[in-house]
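Visitor: Provide a 3D model corresponding to the input given below.
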Amino acid sequence: MPEHPSPEAGDVGPGIAPGAVPLDAPGDTTVLVDPEPEPAGRPIGRRVVLGLLGVGAAGVLLGARAQDVLERAVGPLISKDGTGISSLLPIGRFRIYTVTGSLPSRSRAKYTLRVRGLVDQELTLSYADLTAMTPTSLTRDFQCVTGWRVSDVLWKGVRLADVLDRAGVQPEATALQFTSFDGTYTESLTLDQARRNDVIVAYELEGDPLSDAHGGPVRLYVAPMYGYKSIKWLDEIVLTDKVREGYWEVRGYDTDAWVGESNGRDDDAT
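Guide: Coordinates of the predicted model:
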C-alpha cells in the first residue's frame, strides 16, 4: 500500500533491498520473514512513465476524487515497477508501494479474518460478519515514515478492541501479531495499543470499499502510528504472550511507531 521511512514513501529506507519498492502499509505475522532480499519487479518502460506523468498531472488538476480513481487504475502497474521511479509520480494522494512486485486480490465474498492464539474461542469472520458489527469512523491524517502525509482521510471499520472482545482474550496475552494474505507482510501491536479507540479493522476508505491497492477488502488502521503499522490485506490476528516484530521492524524500523516520536522523526502527531 503507501502505507512505510521507507516502507511507505518514494524513498527506499534502511533495510530495504535495492530495487524493492515498499508499500503504503506493510504487513506482518507470527512467522519470521526471510531476511534475503526480495526480488524486484520489472521496470516499466519510458513511454509508460511519461504517460503516467501526464495522467498524474491531470489528476492533480482535477482534484482528490480524480486522483482516487487514478490510484485504483494505475496502482497495479506501479507496483510492478522494480525501479521505484513510478511511485514518485503525482498519481493520487497516496503513494503505492509493494516489495512483492504485485498487488494481491481477494473478493469480499471470499474474504475471511481469522483470530486465534491466546483467545477463549478462535474466530473466523467473513466480510459480512465484520460489516454487521458496530461501525466506527475516523478522520485522521495518514503519515508515512518516509515523510509524505495525506490530510483528513476518512476511514470506516470496526474497533479492533471489539473484535478481541468477541474472541475473548486470555490473561497471558500481552500482544498481537498480524499477517497479510500477500504472504510477506507481518505486523505487531501490544494489547494496550490494540485496545485504543483509534485502532480499527478498516473496510472503507473515503466512503468506498477498500481497493486492492489500499489493502482491501480489509486492513488494519492504526491512526497514531506511522503507516507501516497499518498492515494491508489483513487475514489473521494471533494473540501472543510477547511482541513478535513484524516485517519492517526486523529491518530496523521502530516497533512502537508513534508519529513524531519514533524512527528519528519529528512529524506532528496524527
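Visitor: C-alpha from now on. contacts and neighbour counts both.
Guide: Will do.
Visitor: The nearest residue to Thr190 once chain neighbours are set aside: how many residues sit nearby?
Guide: Take Thr190 and drop its neighbours on the chain: the residue closest to it by Cα to Cα, 6 or more residues apart in numbering is Ala175, 4.1 Å away. By the other Cα atoms under 10 Å criterion, the neighbourhood of Ala175 contains 20 residues.
Visitor: swap in the one 3 residues further on?
Guide: By the measure other Cα under 10 Å, the count of residues near Phe178 is 28.
Visitor: Now it. Its backbone dihedrals?
Guide: Backbone geometry at Phe178, expressed as degrees, to the nearest 10, gives phi -120, psi 140.
Visitor: distance of the closest residue to Ala269 other than its chain neighbours from Asp198?
Guide: Here the nearest residue to Ala269 in space, its sequence neighbours aside, is Val259; by Cα to Cα, 6+ apart that works out to 5.3 Å. Summarising the geometry, the distance separating Val259 from Asp198, computed by Cα to Cα, to the nearest Å, is 13 Å.
Visitor: and what of Glu245?
Guide: Where Asp198 is concerned, Glu245 sits at a distance of 21 Å (Cα to Cα).
Visitor: Those two: which is more packed in?
Guide: More neighbours sit around Glu245 than around the other of Glu245 and Asp198, counting by other Cα under 10 Å; the figures are 23 against 19.
Visitor: ok, the closest residue to that one other than its chain neighbours - how many residues close by?
Guide: In space, Glu245 comes closest to Ser188 once its chain neighbours are excluded; the distance is 6.1 Å by Cα to Cα, 6+ apart. Residue neighbour count, defined by other Cα under 10 Å, stands at 32 for Ser188.
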